[in-house]
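Student: Sequence first, predicted coordinates after that:
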Amino acid sequence: MADRLALDNVLYEKKNGIAYVTLNRPKVLNALDTPTWIDLRKAFLDAKEDGAVHGAILTGAGDKAFIAGADIGELAHADAYEAEESSRFGQEVLSLVENLGKPVIAA
């Protein structure tokens with residue numbers, strides 16, 4: 001596995017057996033939109049599948065917020081079906097993090 005993974009909204013790096021996952025949308029307080037959820041999923045799948053990774057640290061860029069929650073700007077334009085699909089995908093990603101099989105620290 002690569003030491004770095006190219007993602008748009010998440011910085012991902014592996015050093016000394018630790019996967020560092022950093023939400024990188026500080027201008028919107030690291031709000032979670034669909035592209036960010038997709039990036040998080042890619043990062044945590046990589047961490048899960050890499051036997052050299054023994055744990056992960058999840059953090060947010062900037063000094064104002066770790067994660068502000070859902071991106072309200074995106075949700076404002078979603079219909080009921082899209083909102084439900086987005087919610088289910090977010091839960092899938094959170095389940096991946098929760099059941100990574102390796103320690104995950106949110107810092």
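Tutor: That came through, no problem. Residues are numbered from 1 along each chain as shown.
Student: Find the centremost residue of the chain, please.
Tutor: What sits nearest the mean C-alpha location of the chain, by CA atoms, centre = their mean, is Leu40, with 2.8 Å.
Student: quick one: it from Asn24, how far?
Tutor: For Leu40, the distance to Asn24 (CB to CB, to the nearest Å) stands at 11 Å. For glycine as for every other residue, the C-beta is placed from the backbone atoms N, C-alpha and C.
Student: got any residues that touch both of these two?
Tutor: With contacts taken as CB atoms under 8 Å, 6 or more residues apart in numbering, the residues that reach both Leu40 and Asn24 are Val10.
Student: Where is the longest helix in the chain?
Tutor: In the chain, assigned by DSSP state H, the helix with the most residues is helix 80-98.
Student: What strands line up against the very next helix or strand once past that helix, and which way round?
Tutor: Using DSSP states H and E, the next helix or strand after helix 80-98 towards the C-terminus is strand 104-106. In its sheet, strand 104-106 lies beside strand 55-60 (parallel), with partners assigned from DSSP bridges.
Student: and the angle for the strand it pairs with with helix 80-98?
Tutor: Direction vectors for strand 55-60 and helix 80-98, defined by axes from the mean of the first three to the mean of the last three CA atoms, to 10 degrees, enclose an angle of 140 degrees.
Student: Send me strand 55-60 as PDB with only the CA atoms.
Tutor: Taking Å, rounded to 0.1, in the frame of the first residue of the first chain, the C-alpha atoms of strand 55-60 are listed here in PDB:
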ATOM      1  CA  GLY A  55      -4.000   2.000  14.500                       C
ATOM      2  CA  ALA A  56      -5.400   5.300  13.200                       C
ATOM      3  CA  ILE A  57      -5.700   8.900  14.400                       C
ATOM      4  CA  LEU A  58      -8.700  10.900  13.000                       C
ATOM      5  CA  THR A  59      -8.500  14.700  13.300                       C
ATOM      6  CA  GLY A  60      -9.600  17.900  11.600                       C
END
